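[1] here you go, sequence then predicted model.
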Number of protein chains: 2
Amino acid sequence: MAGTDHSSNASDNTLGGVQPVVVLVRPQMGENIGAAARGMWNFGLSAMRLVAPRDGWPNERAVAMASGAAPVLDHVQLSDDTAAACADLNFVYATTARDRDLTKPVLSAEEAALDMRARIGRGEKVGVLFGPERAGLENADVAQANAIISVPVNPAFGSLNLAQCVLLVAYEWLKVQSVQPVEAQQSSAETPANQSEITHLMDNLETRLENAAFFYPPDKAPHMRLNLRNLLSRLTLTSADVRMLQGVIKTLGRDAKGARPRPKNE
Amino acid sequence: MAGTDHSSNASDNTLGGVQPVVVLVRPQMGENIGAAARGMWNFGLSAMRLVAPRDGWPNERAVAMASGAAPVLDHVQLSDDTAAACADLNFVYATTARDRDLTKPVLSAEEAALDMRARIGRGEKVGVLFGPERAGLENADVAQANAIISVPVNPAFGSLNLAQCVLLVAYEWLKVQSVQPVEAQQSSAETPANQSEITHLMDNLETRLENAAFFYPPDKAPHMRLNLRNLLSRLTLTSADVRMLQGVIKTLGRDAKGARPRPKNE
C-alpha cells in the first residue's frame, strides 16, 4: 500500500493529542528499532523510549531503517533501566507471548487500545513495554507493568518479531481513535440513481427482451421478469451506471443490424 | 514477542479449516514475499498465490526471509495474471490506500475479516489482492475485486509496506476466529459465481460491444471498459445470474434481427 500525503505537516504527529509511549526494553538490533519506529509512525505514534539498547544510541542502522519516520527517532528518550523509563507513567502494559506466573489482567491489543484511550482521557500517562528480540521481556520487567497485552498467534509459529508487535499495538491504537459511527461504505461520493431512472432502465430492457421473445416459455416468464428486476435492484446503481447500461442495451440491439459495420473478431 | 510452541504440528496450518487466499500481484522483492509469508503464518494463513513475480519463482531471498514460514512458500501457486489467480474465487478483496474512482464497498481490515468468515462459512472461496511494493494495485486489478480493504494510516506517512499490510489482514483474520459467529448477511443461499464465470460474461459482452463500436471515441475506450468491468464485479452475481445475463446479451444482439418476429408494442 502506498499513499503518503506529503501536504500533511509533521506537527500532525500526535493525531489526536496525548499518546501511549512505546518503550523498547534492551533492543538488540538497530534495524529493529528503526522498523519499530516506522510501525509507530504508520499509525501516528511518535513517543519512543529506549531502555539500554545493546548497541548504544544513536544508531545509524536504526536511522537508515526508519526512513520517513525520523520524527520518532528524533525525540527518543534514553533510560538505563525499565523503572526509570516508566517513572512518569500512570499505567504500563507489557507485551508478552509466553504465559507468566504473574497474576495480572491479560488484554488483547484491541482491548488494551480501548483501555489506553479511556485512561488518557482521564489524564493518565500510559506506556507499552516491548522486550528484546530474542527472549522477550524478563519477569522483572513484566512485574513492573499493570497489565499484559497478549496477541493470539499461530501456535505452530509464535514468533512475532519486535517491529510486528509494535505495529499491531499502534494499529489498534489508531483504530480506536475513530469511534465515529462507521462511515458510509461506498468509496464513491456519487449519488445512487433514483427509482425513476432504475424503472426506465428496467422498462427499456424488458421491452427489448419482450420483443426478442426472451421471456419464454410463458409459464416461466413472470419468474424471469422478477429475477431480472431483483438483479437490477441489488446493484445500487449510480446515475452514471444507468446511463452506461442504457448505452449498452441500445448498442447490443444495434449490434446485429451492424449500424457501424466492423469486422467480427470472434 | 517470542514463544513458538514446537510441539504443535505443521498440519495445524489451517487453524480452523478453509482460509482466505493471499494473492501478491507482481511483487518485486523476494525479501518482501518472504516477509509476507511470515506475516501470514504468524496468524495461521498458508495459501499464497503469486501473480508474475518480478524476479521469477522460486526465489532464494524469499526462502531466506521466510525462515520458519516454509509451509507457506512450499505451496505457492503461480499465475501469469490476476484474472487467472482469481479464477476459482467467489469473492475478492483488493487492498489499496489510494482513493479510486471505482464505486465499490470499502471495508476496514476487521470488517473484511468478518465478511470473509461469513462467506467461507457459506462455502465461498475468498481471496485478498496485494499490489506491488512501489505503486500498489493497478485500477485494472482493483476492477476485478468485489470490495476494497482500506487501512487508515497516519496521513503524513501512509507507506504501509507489503508485508505489514499482509500482516494486518492476517491478524484480523485470526482475531475474528474467536468472535461469535454473525448471522449470514445475505438473504440468498446461492453461492456467488466464480471469477472465471464473470470473466467469460465480461469478455462476451465486451466483444459484442466492440463489434458495435460502443467504445467510442478511442481515447475514452479504456476508461469505459474499466467502468463496465467494475460495474459487473460489484454485482456479486450468482451463477444463475450469470446465465441469465448471458441470455440477455445474446437476446439483445438478436433483437434487431428479429429472430422470432413479434409485433412491436413500443
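    Ah, there it is. Numbering: from 1, shown residues only, chains lettered A, B, ... in the order given.

[2] counting by contacts, list what whichever strand or helix holds A:N204 packs against.
    Element membership for A:N204 (DSSP states H and E) is helix A:195-211. The contact analysis (3 or more Cβ pairs under 8 Å, 6 or more residues apart in numbering or on different chains; DSSP states H and E) places helix A:195-211 against helix A:221-233, helix A:239-255, helix B:239-255. C-beta here means a position set from N, CA and C on the backbone, and glycine is covered the same way.

[3] ok, which of these comes nearest B:A85?
    Closest to B:A85 of these, according to Cβ to Cβ: helix B:239-255, at 19.8 Å.

[4] is chain A contacted by the closest one?
    Yes - contact of helix B:239-255 with chain A (Cβ under 8 Å from any Cβ of the partner chain) involves B:A240, B:D241, B:M244, B:L245, B:G247, B:V248, B:I249, B:T251, B:L252, B:G253, B:R254, B:D255.

[5] buried ones among the residues you listed?
    Among those, the ones that count as buried by 16 or more other Cβ atoms under 10 Å in any protein chain shown are B:D241, B:M244, B:L245, B:V248, B:I249, B:T251, B:L252, B:G253, B:R254, B:D255.

[6] for the third one, which non-adjacent residue is closest in space?
    Read that as B:L245. Spatial nearest neighbour of B:L245, excluding adjacent residues (Cβ to Cβ, 6 or more residues apart in numbering or on different chains): B:L201 at 6.0 Å.

[7] surely that neighbour is in contact with B:S233?
    No - using Cβ atoms under 8 Å, B:L201 makes no contact with B:S233, being 10.5 Å away.

[8] give me every residue in the stretch 51-200 of chain A lying close to chain B.
    A:68-69, A:95-98, A:108, A:110, A:130-131, A:133-136, A:151-162, A:164-165, A:167-168, A:171, A:174-175, A:178, A:185-188, A:190.

[9] count of residues packed around A:E138?
    Neighbours of A:E138 under the rule other Cβ atoms under 10 Å in any protein chain shown: 13.

[10] for the nearest residue to it once chain neighbours are set aside, give its distance to B:A35.
    Nearest-residue entry for A:E138: A:G131, 7.4 Å, with adjacent residues in sequence omitted and distances by Cβ to Cβ, 6+ apart. Using Cβ to Cβ, to the nearest Å, A:G131 is found at 21 Å from B:A35.

[11] buried sites along the worst-scoring helix or strand of chain A on mean pLDDT?
    Lowest on mean pLDDT, DSSP states H and E among the helices and strands of chain A sits helix A:221-233, with a mean of 78. Residues A:M224, A:R225, A:L228, A:L231, A:L232 are the ones in helix A:221-233 that count as buried (16+ other Cβ under 10 Å).

[12] just stretch A:98-118 next, same as before
    In stretch A:98-118, counting by 16+ other Cβ under 10 Å, buried: A:L107, A:S108, A:A109, A:E110, A:E111, A:A112, A:A113, A:L114, A:D115, A:M116, A:R117.

[13] what about it, distance to the chain center?
    Offset of stretch A:98-118 from its chain centre (Cα atoms, centre = their mean, to the nearest Å): 21 Å.

[14] got it, and stretch A:24-33?
    25 Å.

[15] what average pLDDT does that stretch get?
    Taken as a whole, stretch A:24-33 has a mean pLDDT of 97.

[16] ends of it, how far apart?
    By Cα to Cα, to the nearest Å, the extent of stretch A:24-33 from end to end equals 8 Å.

[17] so which bits of that stretch are buried?
    For stretch A:24-33, by 16+ other Cβ under 10 Å, it's A:L24, A:V25, A:R26, A:P27, A:Q28, A:M29, A:G30, A:E31, A:N32, A:I33.

[18] now the buried members of the residues of the stretch 51-200 of chain A next to chain B.
    A:69, A:95-97, A:108, A:110, A:130-131, A:133, A:136, A:151-162, A:164-165, A:167-168, A:171, A:174-175, A:187-188.

[19] out of the residues you listed, which sit inside strands?
    A:T95, A:F130 (DSSP state E).

[20] the closest residue to A:M65 other than its chain neighbours: what's it in contact with?
    Distance criterion Cβ to Cβ, 6+ apart; nearest residue to A:M65, sequence neighbours excluded, is A:G34 at 2.7 Å. Neighbour list for A:G34: A:R61, A:A62, A:V63, A:A64, A:M65, A:A66, A:S67, A:A69, A:L73 [criterion: Cβ atoms under 8 Å, 6 or more residues apart in numbering or on different chains].

[21] can you rerun that using 10 Å?
    A:59-67, A:69, A:72-73, A:163 (Cβ atoms under 10 Å, 6 or more residues apart in numbering or on different chains).

[22] low pLDDT regions in the stretch 151-266 of chain A?
    Applying pLDDT under 70 to the stretch 151-266 of chain A picks out residues A:179-192, A:195, A:233-236, A:255-266.

[23] try it again with 80
    A:158-159, A:178-196, A:198-199, A:226-227, A:229-238, A:253-266 (pLDDT under 80).

[24] go on, the stretch 1-150 of chain A?
    Across the stretch 1-150 of chain A (using pLDDT under 80), the flagged ranges come out as A:1-17, A:97-103.

[25] for it, just list every one of the helices.
    Using DSSP state H, counting those that start in this stretch, the helices of the stretch 1-150 of chain A run over A:30-42, A:60-65, A:70-73, A:82-85, A:109-121, A:139-142.

[26] so what's the residue lying closest to A:W57 once chain neighbours are set aside bridging to?
    In space, and not counting its chain neighbours, A:W57 is closest to A:L78: 5.5 Å by Cβ to Cβ, 6+ apart. Bridge pairing for A:L78 (DSSP bridges) gives the partners A:L50.

[27] could you find the closest non-adjacent residue to A:A64?
    A:A64's closest residue in space is A:G34 (Cβ to Cβ, 6+ apart), at 6.6 Å.

[28] from the centroid of chain A, which residue is nearest?
    Computing the C-alpha centroid of chain A and ranking residues by Cα atoms, centre = their mean puts A:Y171 first, at 6.7 Å.

[29] give me the residues contacting the least confident helix or strand of chain A.
    With Cβ under 10 Å, 6+ apart, helix A:221-233 has contacts from A:195, A:198-199, A:201-202, A:205-206, A:209-210, A:214-217, A:220, A:242, A:245, B:188, B:235, B:237-238, B:240-241, B:244-245, B:247-248.

[30] try it again at 8 Å.
    Outside helix A:221-233, the residues touching it (Cβ under 8 Å, 6+ apart) are A:198, A:201-202, A:205-206, A:209, A:214-215, B:235, B:237, B:240-241, B:244-245, B:248.
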